[in-house]
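Novice: Have a look; sequence and predicted model below, questions after that.
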Amino acid sequence: MRPDRSTAISRSFGARASSYEDHADLQRAVAARLARLLPPHPHPRVLELGCGTGLFSRHLAQAYPDGELVLTDIARSMIEECRRNLDIVGHGRVSFAVMDASQPRQDGDFDLIATSMTLHWLADPIAALRRLIPLLRPGGSLIYASVGPESFGEWRDVLRAQGLPSGLPDLPALPGVIEEERLVVDPTTFAFLRRMKSIGGLTPREGYRPVTPGILRRAMRAADAHHGGRVTWHIVYGRVDASQSSPSISPA
């Protein structure tokens, strides 16, 4: 039986936990930019979704040395890497939990919920936000960085022109976007796909049937010819406040 998407994502990222940070320069830069949105608070209770190896967790620990941090990820091996990477000596309270961000299993009363480069992996990010916002205390907020809906347009165009299926998920517009950027990180389409594989990021959407290596190589050659090897990342940064904790939450 084929594993469901959440299980497949957990296995894919978990298998690369020990080498993830060797290929995560983009994710590291995104985490640093998201950290600029951290609100001041002397001792908050914080929930992080998709902590991974701790790229954003490090910023949380630095910003809130007297806070209570609950760091979660769907992959247990990622959590173990985060535990090893995070310097929590002298920190107030830090705990770790295996958790699917789309189905939070935590008590409420968080001052802050944070997630960097995780929402786009969820089957329904908007529904996930609806479940998360009620976990905030009055005056609390959720901040995120995510792959935006305009990402990978060049690769999508080539697959469409070639009549090939795409394993890329359709990404929704998210509520509360306050910053965005567009980045070309890799020099060729092959380098882009190799990066995605190196970080466990090639888990396709449900129902995708992979093409043969020959067809894939043909598509990569077409992408390089028509787009110069460019594959653009669209990164969005946002904040949703507890006052918006309504089931009717929708993209701004």
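Specialist: Here it is on my side, so go on.
Novice: longest strand of this protein?
Specialist: For the chain, the longest strand by residue count, based on DSSP state E, is strand 136-147.
Novice: Sort out which residues of it are buried, please.
Specialist: 136, 140-147 (16 or more other Cβ atoms under 10 Å). The C-beta positions use only the backbone N, C-alpha and C, and glycine is treated the same way.
Novice: Those residues into TSV, with extra columns for distance to Ala35 and pLDDT?
Specialist: Formatted as TSV, these follow (distance: Cβ to Cβ, whole Å; pLDDT from 0 to 100):
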residue	distance to Ala35	pLDDT
Leu136	19	95
Gly140	18	96
Ser141	14	96
Leu142	15	97
Ile143	9	98
Tyr144	12	98
Ala145	10	98
Ser146	15	96
Val147	18	95
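Novice: Could you work out the most separated pair of these?
Specialist: Gly140 and Val147 (24.6 Å; Cβ to Cβ).
Novice: on that earlier part again, go through the buried residues of strand 136-147 and say which is closest to Ala32.
Specialist: Nearest to Ala32 out of those is Ala145 (Cβ to Cβ; 10.0 Å).
Novice: show me the residues around that closest one that make contact.
Specialist: 30-31, 33-34, 115-117, 235-237 (Cβ atoms under 8 Å, 6 or more residues apart in numbering).
Novice: Can you tell me the closest non-neighbouring residue to it?
Specialist: Counting by Cβ to Cβ, 6 or more residues apart in numbering, Ala145 lies nearest to Leu34, which is 4.3 Å off, once chain neighbours are set aside.
Novice: And Arg45, by the same measure?
Specialist: Per Cβ to Cβ, 6+ apart, closest to Arg45 is Glu68, 4.6 Å.
Novice: Kindly report the same for Pro42.
Specialist: Closest residue to Pro42 apart from its sequence neighbours, by Cβ to Cβ, 6+ apart: Asp66 at 6.3 Å.
Novice: On the three-state scheme, the one you found is what?
Specialist: Applying DSSP: H, G, I helix; E, B strand; the rest coil to Asp66 yields a three-state assignment of coil.
Novice: any idea how far it lies from Leu55?
Specialist: Applying Cβ to Cβ, to the nearest Å, the value for Asp66 to Leu55 is 22 Å.
Novice: go on, Leu135?
Specialist: The value you get for Leu135 to Leu55, if Cβ to Cβ is used, is 23 Å.
Novice: which residues touch His41?
Specialist: His41 neighbours (Cβ under 8 Å, 6+ apart): 64, 67, 111-112.
Novice: are any of the residues you listed buried, and which?
Specialist: Counted by 16+ other Cβ under 10 Å, those give 64, 67, 111-112 as buried.
Novice: Turn those residues into TSV, including pLDDT and distance to Asn85.
Specialist: Below are the buried ones among the contacts of His41 laid out as TSV (pLDDT from 0 to 100; distance: Cβ to Cβ, whole Å):
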residue	pLDDT	distance to Asn85
Tyr64	94	17
Gly67	93	18
Asp111	97	24
Leu112	98	21
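Novice: name the helices or strands packed onto the helix or strand where Ile178 lies?
Specialist: Per DSSP states H and E: Ile178 is located in strand 177-184. For strand 177-184, the packing partners by 3 or more Cβ pairs under 8 Å, 6 or more residues apart in numbering; DSSP states H and E come out as helix 25-34, strand 232-241.
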